[in-house]
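Student: here is my input, please return the structure:
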Amino acid sequence: MSPGHYFKTLRQVCSLMKAYMPNHEYHNQRHAKDVFYTANKLAKMEGMSYEDRFALATAALLHDVVFVKGAKDNEEKSAEFAKPYLVKLGYTSGQIEKISELILATKIPTSPRNKLEMIICDADVDNLGREDFLKRGEEVRQELGIADKKKWYDIQVKFLQSHKYYTTTAQKLRNTGVRNNIETITCSDYA
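Tutor: Sure thing, here's the model as predicted:
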């Protein structure tokens, strides 16, 4: 496929995501686009091929297209949801299988098996090391319905302390931010 064809196809995938993505506090179009842009940035910096970046971009846009609050199988449902649409858009069976595996790789706890899966896992939680961490975390808290903010920030600190980015690029870009976010929570009124 030519770069122009990839671009046209990704525009159609983006339209699909916009039509079906839920509008939850955190899992919404903004999150899908955030993962898309971050995955593309990491993939470029990690030297991934254009074909791999195309699969990664597609998976990033669709990884949470089916998201039911409290459900344990959102990734599986998102992967299954995507398949018939990807067939209609001209994806090959090999591409669809790769995209499905990438979507499934985002299931927490993550255990990526290859570089592409590492990239999408890192992109999905890129906000842990960013300055907007507290804002995004508040959206997750609201989405989960956790009323006790003290309890929530205890959970957040434990999650941050145990988190490890998989790719060298994400580690370089976000590890300092993760440490800063732990410090912000533990040395403030949040704790």
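
Student: only C-alpha atoms from now on, for both contacts and neighbour counts.
Tutor: Will do.

Student: ok, and the closest non-adjacent residue to the residue most central in space within the chain?
Tutor: Nearest residue to the geometric centre of the chain (Cα atoms, centre = their mean): residue 124, 2.3 Å. Once flanking residues are discounted, residue 124 sits nearest to residue 35: 5.4 Å by Cα to Cα, 6 or more residues apart in numbering.

Student: I figured that neighbour hits residue 62, correct?
Tutor: No: at 9.8 Å, residue 35 does not count as touching residue 62 under the criterion of Cα atoms under 8 Å.

Student: which of those two has more neighbours?
Tutor: A count of neighbours by other Cα atoms under 10 Å puts residue 62 above the other of residue 35 and residue 62, at 31 against 28.

Student: for that one, what are its contacts?
Tutor: Residue 62 makes contact with 13, 17, 32, 78, 79, 82, 103, according to Cα atoms under 8 Å, 6 or more residues apart in numbering.

Student: show me these that map onto helices.
Tutor: Secondary structure from DSSP state H places 13, 17, 32, 78, 79, 82, 103 of the contacts of residue 62 in helices.

Student: counting neighbours, what do you get for the last one?
Tutor: Burial of residue 103 is recorded as 29 neighbouring residues (other Cα under 10 Å).

Student: and the closest residue to it other than its chain neighbours, how many neighbours?
Tutor: Among residues not flanking residue 103 along the chain, residue 63 sits closest, at 4.8 Å (Cα to Cα, 6+ apart). Residue 63 has 33 neighbouring residues, counting by other Cα under 10 Å.

Student: just the pLDDT for residue 63.
Tutor: For residue 63, the pLDDT comes out at 98.

Student: where does residue 184 land in three-state SS?
Tutor: Here residue 184 is helix, with the state taken from DSSP: H, G, I helix; E, B strand; the rest coil.

Student: residues in contact with it?
Tutor: Going by Cα under 8 Å, 6+ apart, residue 184 touches no other residue.

Student: tell me the domain ranges of this protein?
Tutor: 1-124, 125-191 (automatic domain parsing).

Student: most tightly packed of these?
Tutor: When the domains of the chain are scored by mean count of other Cα atoms under 10 Å, the highest mean neighbour count falls to domain 1-124 (a mean of 19).
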